Every structure is written in C-alpha cells, then in structure tokens.
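Student: what follows is a predicted protein model with its sequence.
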Amino acid sequence: MIRLDGVAKTYRTRKGDLVHALAETSLTVGENEFVTLVGPSGCGKSTLLKLVAGLVPVTRGEIRVRDQVVREPFPDVGFVFQQPVLLPWRSVLDNVLFSVEMLGLEPRQYRKQAGDLLELTGLAGFETKYPHELSGGMQQRVAICRALLPDPGLLLMDEPFGALDAMTREEMSLELLRIWEERRKTILFVTHSIPEAILLADRVVVMSPRPGRIARVIAVDLPRPRTMDMEFDTRFKTHSDEVRSLIFSGRKERG
Amino acid sequence: MKAARGLLGEALVPVGTLLGALALWEAATRIFRIPRFIMPAPSAILGEGWEWRYRFIHHTWVTLYETLGGFALSIAVGVPLAVLIVYSPLLRGALYPLIVLAQSVPKIAIAPVLLLVLGYGELPKMVVAFLVAFFPVVIDTATGLNATPPELLDLSRSYRASAFKTFLKVRLPMALPFIFAGAKVAITLSVIGAVVGEFVGSDKGLGYVILSSTSYWKTELAFSAMILLSLMAIVLFAAVSLVERLACPWLTPEGEA
C-alpha cells in the first residue's frame, strides 16, 4: 500500500542551517498492515507521517501510496494527533462530521455512520455534548471517530495516546485494536512507548535520531487478538529487549 | 439557595462600601462647608442631574451614537486589517509599522486636526473614537488567528480544504474569544475617544456638558455627566460581554457559570 524509496527530508531553519530530519529511508507497508514507528525524539517519526500524508514535500526519493506518487495531500488519509484538537464550539457529533465537511462531502449523509462510530467507541449518548464536557480519553475517541468517518484506507496516528494517563492509554490501545479488527485499514502509528509499539503492531519500525533513520524493522511474533497479558509472554520480552537495545546502543555510540 | 445567599453576601460588601463612602462625602461637604463648585455633595449632584434629566437624554444619546459609531468602525476596520496582516507577509511588512505608528501618536493631539478637516458634526468624534479603539482589535484578532493549533491546519490541509474554508470553519471561530477580548477593550476606549472629540469642539454630548458646565462653575452638573458616562461605559461593556457569551458559549462551562 505504501512504498518509500530512498526518501529523505532536509529542513532549512530560519538561521539558514540545514537539519537532516530524515536520512534516506526505504520501507514498504502492506494493505491493512498495522505498523508502529518507535524511537526517541528527533528521529523523524512525525516527519515521516507528514511526508506520507503529502503535507510536506520530500527532499529526495519518492513515496507511493497505492502506486500513486504522493506530491500533495490526498483524500484517502485519516490523521490523529497527540492532542485531540477538537473544535470547542461544535458538539461531539458535529466534530466527527468535520472531516467529511472539510472533504467537501455532504455531512447530512454521514450522520448515521457518525452515530455508528460513536457507538463503536463507546460514546453513544454523547452526540450533543461539547468537548469541554468530556475527559481526555473521550475527546481522543472523538478525534479517532472524526478520522475514521470518511472511511480512509490509511490511518496516520502521531502519538495519539501520548497525552493520556497510563490506564486510559492501555484501554485505548486495546480499543483501537478492536476497531481495527472491525474496520481493517493500513495504520502507521508513531509512539514513544516500547510496550505500546509491540502490543499493537504487525511490524515495529525502530528509528534512531540525528539524522532520523530506520535502525531495524521487527516483525512481531504474537497472535491476534492481542491482550494485555501478552506483556508477560517471553516473545514480548524478547522483542522489547531488542527494541530497547537498538535505541540504547544508538545513544551510547554517540556518547 | 446557598448560591443565592453567597451572591447576596458578595454584593453586600461593595454596595455597603459605596454607600458608606457617599455618606462620608455628604457629611464632609456639610461639616466643612466645602464650596459646591469645588466639591459638590452627592445630593446636590443627584438633584442637578434630575433637573437636567430631559436635556441629558439628548446629550447621552449623542455621545452613545458617537461611541457606537467609533466602535463599529474599529471592528469593521480592525478585524479585516488583522486578517490581511496574518495571511500576507507582504502586507504584514507594509501595514504593521504603520499601525504601530498610528497607535503611538497621541490621539488627543490629532483630534483638533481631525475636527478641522472633517467639520463639526458627529463624524469626527466617531473617527477619534475609532482611532483610540482600533489598535487592540487588530492586535487581539491577529493573535487569535495565529492561535489555531498547527495540527488543525495540517488536518484541514490533509482534507484538501481551501484556505477560505479553513478560515471560515476553523481559524475565524478559533479567534472569536480573542476578538471579543479586543472588542471589550475597544468599547471602553471608544467612550473615551468620543468624549475627547467633544472636548475639542462640539455643542452637544456629555463631554460638551462637562466642559461647558465647568466653565460656568457648575461642578455638580459636570459630576452628573461623569456619572452618566461611567454608567454608559459599564452598560456597553456588559453588552459586549453578553454578546461574547452568546457567541462563544464554550468559554463558560456549565459548571462554572
């Protein structure tokens, strides 16, 4: 579904310095695959998402989504950020409908689907509430519904549970997996959390910083559906040790 | 019930203080026999104000008209100006220094020139009120338009929404609380601008009443006009706050309001 061929991104700061956000990177992601990107700050994870979405142009290389070269934003993408960034003047339902509205579709035709999504995420009955009346976890669920409503083939998630407390975070991870089982999509999921990266993913992409690049891609050897108990599985431990050593050795190298 | 009693208790202290101060004032003018042109007693001020009640309606209306005209101009010019500054780096470079320059010139110094150019009617007062009031509108609106979270702009762009659509559906509503903050400052400044305009040259309005009554040693009349001006400023400020609450209901969560 996604093909990155020698993709690199270089920014120029205001002072005129060049910043290598992402060194030449190649990666292929299959249809309906769940891939997590894990690594320390400054390893180009978020940049990679923006490149795939067509929000920023590549400096070198080429990105293809469904064999189309990405040069600008395309409609088949849903985006979820660390902050829910809902519109405070809109009700929950109208916030979910925001995506189809911005896409230029007729929001009235999506009311039923929006209701179904809210039901799926446990927000039935909250349609007429406003964001400030919801908890952080519920707000993030609304943001996920908003991204899912146009039924995009590709879901890009930039540390979506990073601002939530640990317990809500675990709950949301399992919920996301449940939603993904019901409505299969290709997901690129950026996270700082190693357990989260392993628990969710078919493959974990471990990245290292300065310049951002892929250190290793690890195929997760755990059955689905995943459960919280799997954190005690020896395979889980092997994976997390591997990820940890990759991130940690990268740091030592540079002293 | 408890809340009602709390509110009453809250009002009791400032109202009591005010009444106490008025009583002291009244007593002091009588005991020390202060001449009324220096410091008239509250009762004299109220009495004079009551005598003038019909004429005051006319003068208050004139000042209100000038104030609202200046305020409307400050919104009508200030908000679009802020949009231009935020959206065009070129216009920002061109306009921003001019706006700051316009703000740094003392408005009281421009007023006589404006009256000379625009004549004697209400229009020059509106223009003075506008000049005094538009700066916070521009600054606050620009700040508000820049306050949209970058994620929302990315989101809109990823849905390939036009810049105009993003402005209407995201950036402008996001900026509304900031625009109202500017408008609340602007409405009180507009009152000041209108009065300054009247001071420079007019034959009606509350500013005119203050200026002409003091030149005839009628200090109590000047005080009545001042009280009316303050009441007008308070009512106008409350009116803008009310519109704000209706336009941005999300700013006052039910639990707090």
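Tutor: Here it is on my side, so go on.

Student: going by C-alpha atoms from here, please, whenever you check contacts or count neighbours.
Tutor: Will do.

Student: residue A:187: which element?
Tutor: Assigned by DSSP states H and E, residue A:187 falls within strand A:186-191.

Student: next SSE downstream of that strand?
Tutor: Next along the chain after strand A:186-191, taking DSSP H and E as the criterion, comes helix A:194-200.

Student: now that following helix: how far from the chain's centre is it?
Tutor: Distance, stretch centre to chain centre, for helix A:194-200: 13 Å (Cα atoms, centre = their mean, to the nearest Å).

Student: cool, and stretch A:101-114?
Tutor: Put simply, stretch A:101-114 sits 23 Å off its chain's centre (Cα atoms, centre = their mean).

Student: what's the span of it, first residue to last?
Tutor: 12 Å (Cα to Cα, to the nearest Å).

Student: show me where the chain has its helices.
Tutor: Looking at chain A here, since you left the chain open. Secondary structure of chain A by DSSP state H: the helices cover A:45-53, A:92-102, A:111-120, A:136-148, A:166-182, A:194-200, A:234-254.

Student: switch to chain B, please.
Tutor: Remark: helices assigned in chain B by DSSP H are B:2-31, B:42-51, B:53-87, B:89-104, B:107-118, B:123-145, B:150-158, B:163-166, B:172-200, B:206-215, B:219-247.

Student: distance to chain A, mean neighbour count and mean pLDDT added to the ones you listed, as a markdown table?
Tutor: Shown next, in a markdown table, are those (distance: least, Cα to the nearest Cα, whole Å; neighbours: other Cα atoms under 10 Å in any protein chain shown; pLDDT from 0 to 100):
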| stretch | distance to chain A | mean neighbour count | mean pLDDT |
| --- | --- | --- | --- |
| helix B:2-31 | 22 | 12 | 84 |
| helix B:42-51 | 45 | 17 | 90 |
| helix B:53-87 | 19 | 20 | 95 |
| helix B:89-104 | 15 | 13 | 90 |
| helix B:107-118 | 38 | 16 | 87 |
| helix B:123-145 | 14 | 26 | 94 |
| helix B:150-158 | 5 | 19 | 94 |
| helix B:163-166 | 8 | 14 | 95 |
| helix B:172-200 | 8 | 24 | 95 |
| helix B:206-215 | 40 | 20 | 92 |
| helix B:219-247 | 9 | 17 | 94 |
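
Student: export these as a markdown table, with columns for distance to residue A:117.
Tutor: Below are those laid out as a markdown table (distance: least, Cα to Cα, whole Å):
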| stretch | distance to residue A:117 |
| --- | --- |
| helix B:2-31 | 40 |
| helix B:42-51 | 65 |
| helix B:53-87 | 36 |
| helix B:89-104 | 41 |
| helix B:107-118 | 57 |
| helix B:123-145 | 32 |
| helix B:150-158 | 19 |
| helix B:163-166 | 25 |
| helix B:172-200 | 26 |
| helix B:206-215 | 61 |
| helix B:219-247 | 29 |
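
Student: and those helices: which comes nearest residue A:205?
Tutor: helix B:150-158 (23.6 Å; Cα to Cα).

Student: what is the burial count for residue A:4?
Tutor: 21 (other Cα atoms under 10 Å in any protein chain shown).

Student: relative to residue A:158, how far out is it?
Tutor: 18 Å.

Student: for the residue in the stretch 1-150 of chain B that chain A sits nearest to, phi and psi?
Tutor: Using Cα to the nearest Cα, the closest approach of the stretch 1-150 of chain B to chain A is made by residue B:149 at 7.3 Å. Dihedral angles of residue B:149 (phi, psi; degrees, to the nearest 10) stand at phi -60, psi 130.

Student: per-residue pLDDT of the residue nearest to it when sequence neighbours are not counted, please?
Tutor: Nearest residue to residue B:149 in three dimensions, chain neighbours excluded: residue A:85, at 7.3 Å (Cα to Cα, 6 or more residues apart in numbering or on different chains). Listed pLDDT for residue A:85 reads 95.

Student: contacts only, for residue A:85.
Tutor: Remark: with contacts taken as Cα atoms under 8 Å, 6 or more residues apart in numbering or on different chains, residue A:85 is in contact with A:143, B:149, B:151, B:152.

Student: check residue A:7 too.
Tutor: Each residue near residue A:7 by Cα under 8 Å, 6+ apart is listed here: A:22, A:23, A:24, A:25, A:26, A:58, A:59, A:60, A:61, A:62, A:63.

Student: give me the neighbour count for the closest residue to residue B:161 other than its chain neighbours.
Tutor: Among residues not flanking residue B:161 along the chain, residue A:102 sits closest, at 5.4 Å (Cα to Cα, 6+ apart). Using other Cα under 10 Å, the number of residues around residue A:102 comes to 21.

Student: how about the contacts made by residue A:102?
Tutor: B:156, B:159, B:160, B:161, B:165.

Student: would you mind putting the residues you listed into JSON lines with distance to residue B:196 alongside?
Tutor: Listed next are the contacts of residue A:102 as JSON lines, based on distance: Cα to Cα, whole Å:
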{"residue": "B:156", "distance to residue B:196": "46"}
{"residue": "B:159", "distance to residue B:196": "51"}
{"residue": "B:160", "distance to residue B:196": "50"}
{"residue": "B:161", "distance to residue B:196": "47"}
{"residue": "B:165", "distance to residue B:196": "41"}
